[in-house]
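[1] Could you look at this predicted model? Sequence included:
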Amino acid sequence: MAVQALASACAALPLISLALLIEAVATGGALLPWVLLAAVSAPARAALDSLALTLAHHADARLQLHLRRETSQSVRRRPLADVEALSPAAVRRVVLDDVGALHHLVGHTVLDLTACVVGPLTGFVALLMLAPPLALPAVVPLVVGTLLHRRSLAQIRASMPHYIAASAALDESVVEYVEGFRVARVFGDPRQAHSGYVRAANDYGGFVRRWSASLTPRIGASQICFSAPTSVVVTVLVGAALVVAGTLDLSQVAAGALLAPTLTAPAQSLAFSLQEAAQGRHSLQRIREFLDEAPPETRTEAPAESSLRPRDEEDLIPIRRATEQVVLDGVGYSYGARQVLVDVGLTLVPGRTVGVIGRSGSGKSTLAEILAGLREPHAGRVLIHGHDTRDLSEDQLLARAAYVPQDTRLMRGTIAENIRLASPGTDDDRIEEALRVAGLGPLLARLPDGIDTALGDGVDLSGGERQRVGIVRALLSDHDVLVLDEVTSALDEEAQERVLAAIRAQGRARSVLLVSHRISAVAQADEVLVMDEGRIVERGTPAQLDDRDGIYAHYSRLQTAVPREDAR
């Protein structure tokens with residue numbers, strides 16, 4: 001700010017020097033000092049302007065980095081249900097657009113405000129010294145233009161919520177159109193899906209046209225007042241009248257004509273900056289609201305690693321050899337008024353696999369997400385080695401369980417980089433061996449660079465291949481618990497058996513929860529839970545459940561009687 005103030009003062013010095021030079025010529029005074037002042041002030045102004053702009057943009061870059069980190073962290077802190085309710089377009093608008101909209105506010109508007117104060121003040125003081133009768137007339141265009149522009153800003157502020165709503169609707173319609181195009185093309189008329197986007201675009205365009213039409217007269221009038229020709233004309237006309245009256249000489253009129261634009265020129269650029277600043281303030285408000293919606297860090301500091309292990313010397317054994325690793329005690333969970341888990345209890349022991357089956361909507365995936373630490377139970381508790389998960393840090397909790405959902409997501413990057421997200425130190429040979437065990441040998445053979453092949457840009461994997469890469473990533477990790485949610489849904493029976501064999505081989509020292517709709521996937525589990533309407537209605541080994549002739553046996557008969565083939 002101080003640097004910009006010096007730059008703004010230097011901006012007026014060449015014109016002041018020229019006015020003083022004219023006066024010196026008229027009175028026979030010395031010329032060299034004013035020539036030197038003009039020669040020094042011009043490059044000084046350029047250097048100071050550049051420095052001020054650099055400092056402001058550094059501050060803007062640091063602020064944007066901080067806010068993008070904070071907004072991203074706020075998404076991470078939210079409960080999974082809240083994250084799922086967020087619109088991708090809304091998140092993108094806050095993290096990218098709104099943070100980006102602060103650029104002009106921080107990088108330019110502060111400088112323009114400083115220039116708008118210091119520049120006119122310097123010019124006004126110079127006018128008072130060189131041509132006092134012209135100082136007040138030179139201010140008139142600035143005052144009139146400011147009043148007109150204030151009315152424009154009031155209209156902009158009043159219309160900004162409507163602009164934001166129209167812009168948000170357009171963003172949402174683009175996302176919906178792209179995401180739903182395939183379904184619309186298969187089951188309906190793509191033009192119908194396109195109509196929502198066209199309608200939103202027309203609404204946005206119509207609003208902007210009406211908004212611009214209503215603002216243009218006032219903004220145009222204010223810009224005319226702020227323009228250099230207007231200030232020069234006003235000053236010269238008043239000066240000419242005073243010359244005729246004998247109260248002013250021509251050198252003073254020339255000084256007034258030179259210095260009058262210094263009062264209004266900064267305001268002309270400030271007018272545009274204030275419009276950008278108005279949008280920046282609304283963006284800042286949305287960022288603040290977005291951050292306030294996220295809960296604060298509620299977990300306590302992570303206990304020391306040793307505090308999760310028995311304290312007695314004879315009990316200092318590796319965690320995975322503990323008797324009880326994870327216990328769900330009376331766990332309940334609701335989506336709004338709909339209760340999806342009711343008094344669920346289970347114990348996961350290292351080296352044992354617990355299978356979970358049930359019809360769609362019975363609560364299987366919610367149970368898996370709670371066990372993985374992605375959701376907190378609304379009732380009951382989850383214990384890891386006797387510690388309530390609410391008392392653990394988020395990082396420590398998530399480090400205990402490797403979660404593989406049905407729709408496995410892979411990051412942009414190579415296959416090796418995706419796998420090393422969970423096990424950074426894993427070497428190439430071990431990754432390749434694990435991929436082959438999971439049945440991905442043919443995939444490695446056809447990829448141009450093997451595990452170093454970058455995904456995207458023409459290289460993509462099928463649903464089954466993504467699932468198996470996700471499983472390998474979990475198996476190579478150092479997590480105590482494996483939570484596998486429908487991880488074989490995109491595999492045929494042969495591929496499923498290879499994957500399950502790899503899970504059994506790699507999961508011997510871990511607790512495994514395997515959610516599936518296929519009886520064949522849980523047939524070799526140590527224990528199977530059958531869920532219905534959020535409750536565990538059957539529990540036992542596969543053989544025991546077959547003998548009970550209950551839901552498990554019913555599913556078993558149906559799936560055995562009607563063979564099915566799933567697309568790879």
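    Sure thing, it's come through.

[2] same for the top helix by length along the chain, what does it pack against?
    Looking across the chain with DSSP state H, the single longest helix is helix 135-187. Where contact means 3 or more CB pairs under 8 Å, 6 or more residues apart in numbering; DSSP states H and E, helix 135-187 is packed against helix 88-92, helix 110-130, helix 190-226, helix 228-245, helix 261-293. Where C-beta positions appear, they are placed from N, C-alpha and C, glycine not excepted.

[3] buried sites along the shortest one?
    I take that to be helix 88-92. Applying a neighbour-count criterion of 16 or more other CB atoms under 10 Å, one finds 89, 91 buried in helix 88-92.

[4] got it, and the fourth one?
    Of the residues in helix 228-245, those buried by neighbour count under the rule 16+ other CB under 10 Å are 230, 231, 232, 234, 235, 236, 238, 239, 242.

[5] what's the burial count for the nearest residue to residue 432 once chain neighbours are set aside?
    Using CB to CB, 6 or more residues apart in numbering and skipping residues adjacent in sequence, the residue nearest residue 432 is residue 451, 6.1 Å away. When neighbours are counted by other CB atoms under 10 Å, residue 451 registers 20.

[6] just checking, residue 451 touches residue 435?
    Yes - here residue 451 reaches residue 435: they are 7.1 Å apart, a contact under CB atoms under 8 Å.

[7] From residue 431, how far off is the residue nearest to residue 432?
    Distance of residue 451 to residue 431, computed by CB to CB, to the nearest Å: 6 Å.

[8] what is in contact with those two at once?
    415, 416, 419 (CB atoms under 8 Å, 6 or more residues apart in numbering).

[9] Can I get the buried part of the residues you listed as one PyMOL selection?
    The following PyMOL line selects those of those that are buried, judged by 16+ other CB under 10 Å:
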select buried, resi 415+416+419
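
[10] from the shared contacts of residue 451 and residue 431, which single one is nearest residue 490?
    Comparing the shared contacts of residue 451 and residue 431 against residue 490 with CB to CB picks out residue 415 as the nearest, at 17.3 Å.

[11] So what does that closest one have for phi and psi?
    Per-residue torsions, residue 415: phi -60, psi -40 (degrees, to the nearest 10).

[12] residues touching it, list them.
    By CB under 8 Å, 6+ apart, residue 415 lies in contact with 431, 435, 447, 450, 451, 452, 453, 455, 469.

[13] Residue 478 versus that one, what's the distance?
    From residue 415 to residue 478 the distance is 20 Å (CB to CB).

[14] And residue 532, by the same measure?
    Going from residue 532 to residue 478 by CB to CB gives 35 Å.

[15] same thing with residue 59?
    The gap separating residue 59 from residue 478 is 42 Å, by CB to CB.

[16] Can you read off the backbone torsions of the nearest residue to residue 344 once chain neighbours are set aside?
    Counting by CB to CB, 6+ apart, residue 344 lies nearest to residue 331, which is 4.5 Å off, once chain neighbours are set aside. With angles defined as degrees, to the nearest 10, residue 331 sits at phi -80, psi 130.

[17] what's the neighbour count on residue 331?
    Residue 331: 24 neighbours (other CB under 10 Å).

[18] Quick check: it touching residue 377?
    Yes - under the criterion of CB under 8 Å, residue 331 makes contact with residue 377 at 4.4 Å.

[19] hey, what's in contact with both of those two?
    341, 370.

[20] Might you list the low-confidence residue ranges for this structure?
    1, 80-81, 179-194, 270-272, 274-275, 296-324, 457-458, 507, 561-568 (pLDDT under 70).

[21] quick one: furthest residue from the center of it?
    Largest separation from the mean C-alpha position in the chain: residue 246, at 67.5 Å (CA atoms, centre = their mean).

[22] List the residues that contact residue 31.
    21, 24, 25 are the contacts of residue 31 under CB under 8 Å, 6+ apart.

[23] who's in contact with the last one?
    By CB under 8 Å, 6+ apart, residue 25 lies in contact with 31, 251.

[24] in what helix or strand does it lie?
    Per DSSP states H and E: residue 25 is located in helix 2-27.

[25] For the helix or strand following that helix, name the packing helices and strands.
    Once the chain leaves helix 2-27, the next helix or strand it forms, by DSSP H and E, is helix 32-77. If contacts are counted by 3+ CB pairs under 8 Å, 6+ apart, helix 32-77 sits against helix 2-27, helix 99-104, helix 110-130, helix 261-293.

[26] Determine the next helix or strand in the C-terminal direction from the helix or strand hosting residue 513.
    Element membership for residue 513 (DSSP H and E) is strand 511-515. Per DSSP H and E, the first helix or strand lying C-terminal to strand 511-515 is helix 519-522.

[27] That next one: how far from the chain's middle?
    40 Å (CA atoms, centre = their mean, to the nearest Å).

[28] quick one: the strands in the stretch 351-500 of the chain?
    Listed in chain order, the strands of the stretch 351-500 of the chain (DSSP state E, counting those that start in this stretch) span 353-358, 379-384, 387-388, 401-404, 481-485.

[29] show me the residues around the residue farthest from the centre of the chain that make contact.
    Under the criterion of CB under 8 Å, 6+ apart, residue 246 has no neighbours.

[30] what about the closest residue to residue 410 other than its chain neighbours, how many neighbours?
    Spatial nearest neighbour of residue 410, excluding adjacent residues (CB to CB, 6+ apart): residue 418 at 5.0 Å. Neighbours of residue 418 under the rule other CB under 10 Å: 22.

[31] Report the contact partners of residue 418.
    With CB under 8 Å, 6+ apart, residue 418 has these contacts: 410, 411, 455, 469, 473.

[32] rewinding a little: of the strands of the stretch 351-500 of the chain, which approaches residue 45 most closely?
    strand 401-404 (59.9 Å).

[33] secondary structure element for residue 333?
    Assessed by DSSP H and E, residue 333 sits inside strand 326-335.

[34] List the strands paired with the next helix or strand along the chain from that strand, with their directions.
    Counting by DSSP H and E, the element after strand 326-335 in chain order, helix or strand, is strand 338-348. Strand pairing for strand 338-348, determined by DSSP bridges: strand 326-335 (antiparallel).

[35] The strand it pairs with to strand 481-485, inter-axis angle?
    Strand 326-335 runs at 40 degrees relative to strand 481-485, counting by axes from the mean of the first three to the mean of the last three CA atoms, to 10 degrees.

[36] Next, the buried residues of strand 326-335.
    For strand 326-335, by 16+ other CB under 10 Å, it's 326, 327, 328, 329, 331, 332, 333, 334.

[37] Good, wrapping up.
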